[in-house]
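J.: Have a look at this prediction, sequence included:
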Amino acid sequence: MTNRHSESHNALLHPLQESEPLLERFFFLNRVVILAIFAALTLFLGYQASTLRLEASFEKMLPTAHPYIQNHLQYQDQLRGTGNAVRIAVETTEGDIFTHEFQETLQNIHDEVFFINGVNRSALESIWSPGVRWREVTEEGFDGGPVLPDGYDGSPESLETLRENVYKSGQIGALASNDLRSAVVYAPLYDRDPQTGEALDYHQFAQDLERQIRDKYESDTIRIHIIGFAKLVGTLIEGASQVTLFFAVALGITAVLLYLYSRCLRATSVAITCSVMAVIWQLGLLSALGFSLDPYSMLVPFLVFAIGVSHSVQVINAIAHEAARGASRLMSSRLAFRSLYVAGLVALISDGFGFATLMVIEIQVIRDLAVAASLGVAAIILTNLIVLPILMSYVGVSRSSLEHLARVERKPRHPLWDRMVAVTNPRVAGITVLVALAAMGYGLWKQQDLKIGDLDAGAPELRPDSRYNRDVAFFGDYYSTSTDLFVVMVETPPQQCADYDTLYAIDQLQWKLQNLPGVQSTRSLADFAKRYMSASNEGAIKWHAINRNQRLMDAASIQAPSDVVNSNCSLAPVLIYLDDHKAETLETVVTAVEAFTQQNDLDGVNFLMASGNAGIEAATNIVIGDAHIKMLIWVYGVVILLCLLTFRSIRTVVCIILPLMLTSVLCQVLMYYLNIGVKVATLPVIALGVGIGVDYGIYIYSKLESYLKQGMPLRDAYFNTLNTTGKAVAFTGFTLAIGVGTWIFSPIKFQADMGILLAFMFLWNMLGAMVLMPALTCLLMPKRIGATGSQSQHPSPSDHPQSRHSQQALQEELS
Amino acid sequence: MPSSLTEHSLLLDVTRAGERLIAVGERGHILYSDDEGKSWHQALVPVRVTLTAVDFPTPRHGWAVGHEGVILHSEDGGESWTKQLDGHEVNRIVNERARSLLDAAEAQAHGDERLAVSLDDLVFLYEESEAFLDEGPSRPLLDVSFHDERTGLAVGAFGLFLETRDGGNTWQSLLGHLDNPYGLHLNHIARFDDTLIIAGEAGSLFRSWDGGAHWETLSSPYEGSFFGALGDPEGGQLFVFGLRGHLYRSVDKGDSWEPIRLDTDTTLTGATLLADGTPLLVGYGGTILTGSPAGNGFTLQMLADRRAYSAVTGSNDGHLILVGQGGVRRIPQPASL
């Protein structure tokens, strides 16, 4: 046993430490076998990883345990209004849609869309579908015909008839824009590919749309706008695929930085190899366990790579130090393994636990993220704590690198470290802590203004200025139905959806909702019943009301379109179109519906929330709002417990945890200023940030403590810590920040948000560990600082009795 | 529920009560305006059913009618309203009336001298009134017209025809007074001096010379429905109008009709006489028709909003107050020809 071990006051870690020589002997005496096994595993998992599917499943983003989502899942098959369709607007920049040229283009597009795989051809609608008709009331009853006049020939007369028919069809705002400068091809989709029977490939479908419609028909005078769930998913998957490029960028930058740091090509390649190996393992394990990659868990390989590199740096740093002192390749690797095994394991385990706390959130993508990240951390334990030192024991650290290291360490002073050491001065420490506390107070105050949910218009997954969201905005400006749909499902006994009392209640609910700020319009069976009454009385506007004659109401329900009633008349969805999906808007709707249901108790009739994209988001916001606090409690609870178990001192825990908390709080301030809400994408960020951030604290504090125990005054202990672990930690902070920072350029908004916030957290946690933690140590543990103060000189690492001792021990053991 | 949205939701009739404008519509909404329709206030109303018509014979006393047979009364110029009658009572009144007519006819006693229907018809009407008792208050009232603050008439679906002589405290059914055995909808009551005209479904037209005591059936120029009629005593002309742009004029109080050709086939729903005596009609699809001084020609204007309008009245400051789909709209009066 080394001195350090026997000195340790930590009983809990003893079993680990005692197992160390055993494990060390096992790994280092069977190097070839172990490397062969790992190589084989990597090949196998690499093959597995190559079969991993990239998916964007919206179901997985739902908080499935929430009652609103349960209601949604129960009825989603019967909700046609929320069905899966794309809308393609063909816009002319010259005049209106009633020109021969425009109609020709529209016809061509209609025909092209007809043949795109996945389109439900019988339900395809545009001015050019024979099924789209105008209707009017005559003396004999109803009259009507296709909107496109029989014998249409593009002549001015037939165009004029077409114009009249469009007016009479009631399609303005639906298939023709309010300003008559664009027209829509509405294409409902099959859920399953009609050719293969498999789930429809949205990526392929979206590409077909781009190639066969947008690329082909967009011109100086024609613009194409496409929206719809399938297009959104296609765009997401395409955006996510681009992100794989970022991985290459992050890898390249990291390699360069690592080389600049170590000045050793061999060590750099080994570190990168092992970290990539960890990523391959993580992806392979995911695939083998039946998971797929989604735009959220795509973050994980970046994290795993960055964490891998950061641990590699610690190990290589240690190997170089040992090698600089003259140990052989094998010996320096063994020594490094021995000295970092425990700290590395504790740090990685706390990462893993930090990630695992995400499991408390009942949203599948976040759980998948937690699983993926925990698998990744497990992989790093093997690849970077075991394989890396073994590989290094063969290749060693280059001579030039060792000289570089020696040069650096010979320098008695370091410009940056010297300045940073000032925080161990009680006055400076006091000021530092005060500033930190003030920042924390400010953050906590601002935190109240933090918004839940998505704050931008359009599809929240994409950037507001993305092509897709510009198309959404186009529809919002020129068509009558918003894309933010909240659905209240009115559940009744079968065949009773059109009961007068039910329709009356629905009508009252609609009126109440229409009066809310943010509600654009509503639509329901009650509206249709009114139109039906009017239509069956020669279109008389005074009959536009629901009627006490139950037979008429039942007849209306049979005629009603399928988006406001299901097939056996047991469900009457109320479709609520909103201005936006901001959290306040959704909350107002939810509160109003809740209040309404409490006041209106109809026997056997239930007003169920919520479906539609906005309804789902409302439920998600509620879950996220609850989970936000719950997750913070869990992640901090776990990390505090781990630190307590490791260090057995409340003061130490305060020193490590307080900087992390400051970062978490400031991260929320940043979110506030960047207008990023707490949502599925940003919720995991704090857990990930804390999980990884605690590494820095653990590494730095354990090093600092070991120097303090040697009797060094705080100032010197801190200087030495900075010079050894501190350097590695600083490097790690930057590496991690770069790894996730590349995400800022992702076309997918939530990935960019995650990138910004994680990069901020990694950097700030690093600063916290390097500046605030020693300041806190100085204030909280004056006794440990010792009386010697600042007069002692900086000892070089080679003076460590511990190192010398362990070197001797190792040599004895090897001989 | 008080709401600024009422101005933009379906309104079906508008009228003048002295200096005030009053509009009624969907969900029991009643609005009044004291500044010629620039701003509107919401009245207190005890019902939420759709109201179809409103009439103020005096600036303070007015009546509104609507779906489910509701009749409302206001004594304060339309600010607050009380319910005088609902569809259950309407069904009962009609049923009792049918019963007593039938009893009288069966007893071969001297029938009501005003009666215009046969015994067979009476049996049918009685059976129908029984059926409505079961069905509930499903019949809307579609128009109301008061001669003064005591005497008034209300008409509605399936031949509903009610009368009051005591300011609405009691209402009587006038079942049998019109030759309307099939219960055609009665859509509108118009006044032309002492002459009353009722216009209804399938071209039905009825006239009374004596303020409603006796009614005769006019020969109709049209088999489609009429939704309105407009009397212009000064011009000595009477208009009826309805489905698909059908407009007819009579210069002999309804004895004979001449069609007026229009450039539109949209349904016409409401009409008013402007301050200068110009007749003006509104209809679906944003249709506005302004009459010529001679009365035999109309100028067509289609509002860009293409909304279906239900009624119109002129303001005292040269504007039109239109109500219909999308609520109330105030636009400058078109220049008359």
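T.: Received the coordinates, thanks. Being a predicted model, the structure only gives us computed values, none of them experimental. Numbers count the residues shown, from 1 in each chain, chains lettered A, B, ... in the order given.
J.: Not counting sequence-adjacent ones, nearest residue to residue 175?
T.: In the absence of a named chain, this looks at chain A. Once its chain neighbours are removed from consideration, residue A:175 has its nearest residue in residue A:184; the separation is 5.0 Å (CB to CB, 6 or more residues apart in numbering or on different chains). To be clear about C-beta, it is placed using only N, CA and C from the backbone, and glycine gets the same treatment.
J.: looking at chain B here, not the other one
T.: Nearest in space to residue B:175, with sequence neighbours left out and distances taken as CB to CB, 6+ apart, is residue B:97 at 4.7 Å.
J.: any idea which element that neighbour lies in?
T.: Using DSSP states H and E, residue B:97 sits in helix B:87-106.
J.: Just checking the following helix or strand past that helix against chain A, any contact.
T.: Using DSSP H and E, the helix or strand that follows helix B:87-106 in sequence is helix B:119-135. Yes - contact between helix B:119-135 and chain A is present through residue B:135 (criterion: CB under 8 Å from any CB of the partner chain).
J.: I'd like to know which elements helix B:119-135 is packed against.
T.: Using 3 or more CB pairs under 8 Å, 6 or more residues apart in numbering or on different chains; DSSP states H and E as the contact criterion, the neighbours of helix B:119-135 among helices and strands are helix B:87-106.
J.: which parts of the helix it packs on are buried?
T.: Counting neighbours by 16 or more other CB atoms under 10 Å in any protein chain shown, one finds that the buried residues in helix B:87-106 are B:87, B:89, B:90, B:91, B:93, B:94, B:95, B:97, B:98, B:101, B:102, B:105.
J.: go on, stretch B:119-127?
T.: Within stretch B:119-127, judged by 16+ other CB under 10 Å, the buried ones are B:121, B:122, B:124, B:125, B:126.
J.: The first one and chain A, how far apart?
T.: The one in question is residue B:121. In this view, residue B:121 and chain A are 23 Å apart by CB to the nearest CB, to the nearest Å.
J.: ok, now the last one?
T.: Relative to chain A, residue B:126 is positioned 20 Å away (CB to the nearest CB).
J.: Okay, now the unreliable bits of the chain?
T.: In the absence of a named chain, chain A is used. Across chain A, the ranges flagged by pLDDT under 70 are A:1-20, A:56-58, A:80-83, A:136-142, A:409-414, A:782-815.
J.: The intended chain is chain B.
T.: Along chain B, the model assigns pLDDT under 70 to residues B:1-2, B:108-116, B:295, B:335-337.
J.: Which positions in it make contact with chain A?
T.: Taking CB under 8 Å from any CB as the criterion, the neighbours of chain A within chain B are B:1, B:3, B:5, B:9-10, B:12, B:26-27, B:48-50, B:52-53, B:67-68, B:87, B:135-138, B:140, B:142, B:185, B:187, B:201, B:223-225, B:227, B:243-244, B:267, B:269, B:284-285, B:306, B:308, B:310, B:324-325.
J.: Please pick the buried ones from those residues.
T.: For the residues of chain B next to chain A, a burial check counting by 16+ other CB under 10 Å picks out B:9-10, B:12, B:26-27, B:48-50, B:52-53, B:67-68, B:87, B:135-138, B:140, B:142, B:185, B:187, B:201, B:224-225, B:227, B:243-244, B:267, B:269, B:284-285, B:308, B:310, B:324-325.
J.: contacting residues for residue 31?
T.: No chain in the question, so chain A it is. Contact criterion CB atoms under 8 Å, 6 or more residues apart in numbering or on different chains gives A:390, A:393, A:394 as the residues in contact with residue A:31.
J.: let's do chain B instead
T.: If you count contacts by CB under 8 Å, 6+ apart, then residue B:31 has B:6, B:7, B:11, B:22, B:23, B:24, B:25, B:40, B:41, B:42, B:43, B:328 around it.
J.: swap in residue A:537?
T.: Listed by CB under 8 Å, 6+ apart, the contact partners of residue A:537 are A:543, B:185.
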